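In: requesting a structural model of the entry that follows:
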Amino acid sequence: MNRISLIEPAQASAEVKEIYDGKLKGKPGNIQKALANRPAMLGNFLGFYASVGRSLDRKLYEAVYLRISLINGCHYCSQHHIQGVIRAGLTMEQMKSLKEGDYSGFSTPEQVALRYTEKLTRKPDSASDADFTELKKHFSDEQIVDLHMLIGLANLTNRVTGPLALEVEFPEEKI
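Out: Have a look, this model is predicted:
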């Protein structure tokens, strides 16, 4: 059960209704309904969220987000990103591998990014020069910045949606 009030469209202020109808096409999720308690934050967050990771391949983006959510035990984000990885073309076998932390079914650049993602998620201050040497073999500086922002974003949303006990808005999938 959600631990805070969610702002439903019928109770939303004009500012929030505009965001719901515009950026969210009339379909706010529970995270957006929670953030609507702070309308300015909701608008800013949606813009930021939409900008992160755009230089990365969509499959990698979704794999990183799902892996982080699985590591952190964030049910809400895991469920949302299971949908994302399916749309991005990951197989059920690859999703199971992500759950287990086995990256062998992924390309070399994806493995590098996923290992680094796990390292930073488990110990945020553990980045080394050797990590960057390996990252730079496969990714541009733009992509490395995007990867870092994506790692931070996924960990942020996990640390918001989990403690707020936000409920998933659709039928759940198992990995």
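In: can you pull out the helices in the protein?
Out: 14-21, 30-35, 39-51, 58-72, 75-88, 92-100, 108-122, 129-138, 141-161 (DSSP state H).
In: extract the CA atoms of the second one and return them as CSV.
Out: Extracted as CSV, the C-alpha positions of helix 30-35 are listed here (Å, rounded to 0.1, in the frame of the first residue of the first chain):
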residue,chain,number,x,y,z
ASN,A,30,2.2,6.1,-9.4
ILE,A,31,5.7,7.6,-9.3
GLN,A,32,4.3,10.7,-11.1
LYS,A,33,1.3,10.8,-8.9
ALA,A,34,3.6,10.7,-5.8
LEU,A,35,5.9,13.4,-7.2
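In: can you list contacts of it?
Out: 2, 4, 6-8, 19-20, 24, 41-42, 45-46, 76, 157, 160-161, 164, 166-169 (Cβ atoms under 8 Å, 6 or more residues apart in numbering). Quick note: C-beta positions are derived from backbone N, CA and C, even for glycine.
In: would you show me how to pick out the buried ones of these in PyMOL?
Out: To isolate the buried ones among the contacts of helix 30-35 in PyMOL, judged by 16 or more other Cβ atoms under 10 Å, type:
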select buried, resi 6+7+19+20+24+42+45+46+76+157+160+161+164+166+168
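In: can you lay out the helices of the chain as TSV showing distance to Ile175 and mean pLDDT?
Out: Listed next are the helices of the chain as TSV, based on distance: least, Cβ to Cβ, whole Å; pLDDT from 0 to 100:
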stretch	distance to Ile175	mean pLDDT
helix 14-21	30	98
helix 30-35	21	98
helix 39-51	23	97
helix 58-72	8	98
helix 75-88	7	96
helix 92-100	5	96
helix 108-122	15	98
helix 129-138	26	98
helix 141-161	16	98
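In: closest one to Glu173 among these?
Out: helix 75-88 (4.8 Å; Cβ to Cβ).
In: re earlier: deepest of the helices of the chain, which one?
Out: Of all the helices of the chain, helix 58-72 has the most neighbours on average by mean count of other Cβ atoms under 10 Å, namely a mean of 23.
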